[in-house]
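> build me a structure from this.
(one chain, ligands or ions: 4)
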Amino acid sequence: MRASQFHLFTLKEAPSDAEVVSQKLMLRAGMIRKVAAGIYNYMPMGLRSIRKVEAIIRDELDRAGAMEVVMPIVQPAELWQETGRWDKMGPEMLRFKDRHDRDFAMQPTSEEVVTDIARQELKSYRQLPKNFYQIQTKFRDERRPRFGVMRGREFVMKDAYSFDRDAEAAGRSYDNMYATYCRIFDRIGLEYRAVAADTGAIGGDRSHEFQVIADTGEDAIVYCPDSDYAANIELAEALALQAVRGEARVALEKTPTPGKATCADVADLLQVGLDTTVKSLVLASDETDDKGEVVKTTLWLLLVRGDHSLNEVKAGKIEGLGSDFRFATETEIIEHFGCKPGYLGPIGLRKPVRVVADRSVANMADFICGANEEDFHYTGVNWGRDLPEPDFVADIRNVVEGDPSPDGKGVLAIQRGIEVGHVFYLGNKYSKAMNASFLDIDGKPKHFEMGCYGIGVTRIIGAAIEQNHDERGIIWPAAIAPFEVVICGVGWGKSELVRDEATRLYETLKSAGIDVILDDRDERPGVMFADWELIGVPHRVTIGDRGLKEGMVEYQTRRDGEQHKLAPADIAAHVI
Ligand code: ATP
Ligand code: MG
Ligand code: MG
Ligand code: MG
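Residues are numbered from 1 along each chain as shown. Ligands and ions are numbered 1, 2, ... in the order given. A predicted model of the protein is given here:
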């Protein structure tokens, strides 16, 4: 590639709404251009890196026996209704109607469509195991798209789905994908950690996230530096909650229990709330005197297990929660937890409850009944723009750092991470719901045992930059750099010698299979160097008349910046 023909467009300053370094550098290097919130053009420079990530993923998945397919971005509601997720997905799923008034969604993921493929195509145990994957556009209407491609609304994901005869075989498929993911992230050149993640309703220990270590990560990882133990934020929360539960217990024991014995029931709820999705609510219970005057109000952090809606909680439908509880007022909460008006981030929790201002307890309850639950229940990434985010990592750190690790091999530490991949054993949740079965060896129909495996292709680009940059720009891991080598011709317009030598070296490297760009723009060296340092090309060769007189060219790597004088013939050996 010649720079004069390539679309190279760098910026001195990043747009003012860019928040994190990867986003700023991708915009400045001309890799992406914003079209709308969380929606980007992938420009030629950016697409080159994206394609390299895709190629590595493809290569490793093909090698692992997976098969590439492409499933539609636009998916019919009927399939999503079969699993009940049409109603469950919430506003993250973008929905629309076609001209015949039929419902469709933009795919946020593809379990339904791939299960539909399986039930039509896989009839016998002889066809198993199978793993279908795609590298495809996803759309998730994230409440707060940010950080450029790291949390986009439209983004590229590799999603794979395995189909097996039984749980044991599904375990082998899972292990195969786990190992494949390690190879993929090793080849890309990322510093990462595979961490245990919550398996939710499925249970078991087969869910892992692949987290790229970076201070700007939205996730937190709890790990033990002296062993293999590592868990993600949700499990970390569970740990933090255990500590919180200890405190809550003490408080519960001190409270006089009215006839309905609900406090003890809340304690039970606190216990069961730890191993799965947890929602937190703040409730208050009042102690009254003989005349019915409130003499003391106790606030409860109520952790509700599973998928109960706030309305259910409010209506007392959850076992153990009686009528002597009410939702706490904002003032009570602010006083008790010492938090900022408008939001509550209870001890060690990433999922705060938003407290609606200027509503009394009574009409807050009304509000909850009538309101969209989304408006009330906020998650960690959805903080209002007007308020700083709580440092949930610090919160959890207070609670768990230095505690003994669950494997007993050391103490826990915390670091931030970016989730770039996720492997998940699904069991027969989807195959059962969609009646996807095959005939087993005994001639009887069985539901497939499934697994799903995602990689955030475009997020990887951002994560790699978060990990590899300096004040001048990006420092690419060579495997995903838009170009591996740049040859800068100094005095291009004036010197035929420079043009000849640079072009000759360019042709030599190209025919050796090296991804090289020749800077033939006739720019001043300072301009060329600033561009390529910003873009982050790993190897730079500078060719000018002065060096050529001694038969030398200048060679420099982006990472260490050391300059070496080399004969042109020796360059190839350095850059391979
Ligand atoms: P997150 O917790 O960051 O919202 P997720 O757990 O919802 O991610 P998965 O459903 O596990 O995401 O999807 C698989 C992968 O897709 C993730 O590991 C991540 O790398 C990527 N991904 C998910 N959401 C986004 C997004 N909004 N923008 C870019 N990549 C994303
Ligand atoms: Mg998500
Ligand atoms: Mg996640
Ligand atoms: Mg995930």
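
> how about the most centrally placed residue in the chain, phi and psi?
The chain has E419 as the residue nearest its centroid, 3.7 Å off, counting by Cα atoms, centre = their mean. Dihedral pair for E419: phi -70, psi 110, per degrees, to the nearest 10.

> so it sits right up against D219, yeah?
Yes: under the criterion of Cβ atoms under 8 Å, E419 makes contact with D219 at 5.5 Å. (Each C-beta comes from the backbone N, C-alpha and C, glycine too.)

> overlap in contacts, those two.
The contact sets of E419 and D219 overlap at 209, 211, 232 (Cβ atoms under 8 Å, 6 or more residues apart in numbering).

> with these in mind, which one is nearest to R33?
Nearest to R33 among those is Q211, at 28.3 Å by Cβ to Cβ.

> the protein against ligand 1: which residues are in contact?
For the chain, the residues in contact with ligand 1 (Cβ under 6 Å from any ligand atom) are 109, 140, 142, 151-152, 155, 157, 419-422, 454, 456, 458-459.

> let's see that with 5 Å instead.
151-152, 155, 157, 419-420, 422, 454, 456, 459 (Cβ under 5 Å from any ligand atom).

> columns pLDDT and secondary structure on top of these, output as a markdown table?
Converted to a markdown table, the residues of the chain next to ligand 1 look like this (pLDDT from 0 to 100; DSSP: H, G, I helix; E, B strand; the rest coil):
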| residue | pLDDT | secondary structure |
| --- | --- | --- |
| R151 | 95 | strand |
| G152 | 97 | coil |
| F155 | 98 | strand |
| M157 | 98 | strand |
| E419 | 95 | strand |
| V420 | 98 | strand |
| H422 | 96 | strand |
| G454 | 98 | strand |
| G456 | 98 | strand |
| R459 | 98 | helix |
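
> buried among those residues? Make that a ChimeraX selection.
To isolate the buried ones among those in ChimeraX, judged by 16 or more other Cβ atoms under 10 Å, type:
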select :151,152,155,157,419,420,422,454,456,459
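
> strands of the stretch 151-300 of the chain, residue ranges please.
When assigned using DSSP state E, counting those that start in this stretch, the strands of the stretch 151-300 of the chain occupy the ranges 154-164, 192-196, 207-213, 219-223, 230-231, 278-288, 294-305.

> please work out the average pLDDT along the third one.
Okay, so that is strand 207-213. On average, the pLDDT along strand 207-213 is 95.

> how about the CA coordinates for it, as CSV?
The C-alpha coordinates for strand 207-213 follow below in CSV (Å, rounded to 0.1, in the frame of the first residue of the first chain):
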residue,chain,number,x,y,z
SER,A,207,-19.1,-19.6,32.5
HIS,A,208,-15.9,-17.7,32.1
GLU,A,209,-15.2,-14.2,30.9
PHE,A,210,-12.0,-13.2,29.2
GLN,A,211,-11.0,-9.8,30.7
VAL,A,212,-8.3,-7.6,29.3
ILE,A,213,-6.5,-6.0,32.1
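
> off-centre distance for that strand?
Distance, stretch centre to chain centre, for strand 207-213: 9 Å (Cα atoms, centre = their mean, to the nearest Å).

> what helices and strands are in contact with that strand?
When contacts are defined as 3 or more Cβ pairs under 8 Å, 6 or more residues apart in numbering; DSSP states H and E, strand 207-213 packs onto helix 167-188, strand 192-196, strand 219-223, strand 413-427, helix 457-467.

> and for the fourth one?
Counting contacts by 3+ Cβ pairs under 8 Å, 6+ apart, the secondary-structure elements packed against strand 219-223 are strand 192-196, strand 207-213, strand 230-231, helix 233-254, helix 392-400, strand 413-427.

> partner strands of that strand and their direction?
According to DSSP bridges, strand 219-223 forms sheet pairs with strand 230-231 (antiparallel), strand 413-427 (antiparallel).

> just the CA atoms of stretch 180-188, as PDB, please.
Extracted in PDB, the C-alpha atoms of stretch 180-188 (Å, rounded to 0.1, in the frame of the first residue of the first chain):
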ATOM      1  CA  THR A 180      -9.400 -21.800  21.600                       C
ATOM      2  CA  TYR A 181     -10.100 -18.400  23.300                       C
ATOM      3  CA  CYS A 182      -6.800 -18.600  25.100                       C
ATOM      4  CA  ARG A 183      -5.000 -19.200  21.800                       C
ATOM      5  CA  ILE A 184      -6.900 -16.300  20.100                       C
ATOM      6  CA  PHE A 185      -6.100 -13.800  22.800                       C
ATOM      7  CA  ASP A 186      -2.500 -15.000  23.000                       C
ATOM      8  CA  ARG A 187      -2.100 -14.600  19.300                       C
ATOM      9  CA  ILE A 188      -3.600 -11.100  19.300                       C
END
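
> for that stretch, give the mean pLDDT please.
Rounded to a whole number, the mean pLDDT of stretch 180-188 is 98.

> and that stretch, how far out from the chain's middle?
Counting by Cα atoms, centre = their mean, stretch 180-188 is centred 17 Å from the centre of its parent chain.

> numbering from 50 from now on, please.
All right, first residue 50 from here; so that's stretch 229-237.

> who touches that stretch?
Outside stretch 229-237, the residues that touch it by Cβ under 8 Å, 6+ apart are 102, 105-106, 109-110, 112-113, 241, 243, 259, 261, 469-470, 472, 502, 504, 509, 513, 526, 528-529.
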